[in-house]
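[1] quick one, fold the following:
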Amino acid sequence: MSHIHVETERVIDAPPAEVFAFLADYREKHPRILTSNFLDYAVESGGVGAGTVVRYRLHAGGRERPYHMQIDEPEAGRMLREHDTGSSLFTTWTVDQGPTPRQSRVRVSTHWEGGGGMGGFFERTFAPMGLRGIYGEMLNRLEQSLAGSAAASR
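    Residues are numbered from 1 along each chain as shown. The predicted model follows:
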């Protein structure tokens with residue numbers, strides 16, 4: 001087994017509090033940034049921030065896997081962590097001040113213990129590339145979703 005880490009970061013033209021509030025709303029807003037790779041997304045409990053539980057299937061690289069994610073906030077107003085109850089996988093969204101007060105630096109990172117053998121080799125080689133592409137598109141969608149509100153606040 002090996003530890004696998006995937007990370008993508010982007011500066012978004014919106015204040016950190018606004019970006020965090022958007023990401024923390026798993027019922028209404030967060031689903032807007034999900035790509036077509038996320039199938040059957042549903043909020044099971046909660047809906048905003050810590051205590052929320054969501055489920056979905058992720059289709060990537062010709063494979064599909066179910067996830068049952070529990071959300072917590074290791075740093076309230078700054079960090080959301082989604083932990084899969086059925087595996088070692090966890091994804092962290094971190095929102096920090098960007099280069100200006102009206103910008104945010106958003107980082108999404110995922111960690112998990114990969115498999116061994118030949119299957120593990122392919123997982124270590126190809127899964128990070130696929131996830132980086134998915135996360136890049138999610139950050140594009142986040143930026144587009146917040147663009148109207150950033151312009152309105154000026």
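[2] only C-alpha atoms from now on, for both contacts and neighbour counts.
    Will do.
[3] what about this structure, any weak spots by pLDDT?
    1, 113-130, 148-154 (pLDDT under 70).
[4] show me the helices in it, by range?
    16-24, 117-152 (DSSP state H).
[5] the lengthiest strand in the chain to helix 16-24, inter-axis angle?
    Secondary structure of the chain per DSSP state E: the longest strand is strand 63-75. Strand 63-75 runs at 140 degrees relative to helix 16-24, counting by axes from the mean of the first three to the mean of the last three CA atoms, to 10 degrees.
[6] what residues does strand 63-75 touch?
    49-59, 79-86 (CA atoms under 8 Å, 6 or more residues apart in numbering).
[7] kindly write the ChimeraX command that selects the buried subset of the residues you listed.
    Here is the ChimeraX command that selects the buried residues among the contacts of strand 63-75 (16 or more other CA atoms under 10 Å):
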select :49,50,52,53,54,55,56,57,58,79,80,81,82,83,84
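[8] what about the contacts of strand 63-75, which are in strands?
    Using DSSP E, the contacts of strand 63-75 in strands are 53-59, 79-84.
[9] dump those residues to TSV, plus distance to S36.
    What follows is the ones in strands among the contacts of strand 63-75, written out as TSV (distance: CA to CA, whole Å):
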residue	distance to S36
V53	20
V54	16
R55	15
Y56	11
R57	11
L58	9
H59	8
M79	25
L80	22
R81	22
E82	19
H83	21
D84	20
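[10] pull the most distant pair out of the residues you listed.
    Greatest spatial distance in the ones in strands among the contacts of strand 63-75: H59 and M79, 25.4 Å, computed using CA to CA.
[11] list the residues that contact S145.
    Contacts of S145 (CA under 8 Å, 6+ apart): 32-33.
[12] swap the cut-off to 10 Å and go again
    19, 22, 29, 32-33, 139 (CA atoms under 10 Å, 6 or more residues apart in numbering).
[13] against E7, how distant is W93?
    10 Å (CA to CA, to the nearest Å).
[14] next one: A17
    21 Å.
[15] what of A24?
    Taking CA to CA, one finds A24 at 19 Å from E7.
[16] I134 too?
    I134 sits 11 Å away from E7, taking CA to CA as the criterion.
[17] next: F20.
    Taking CA to CA, one finds F20 at 18 Å from E7.
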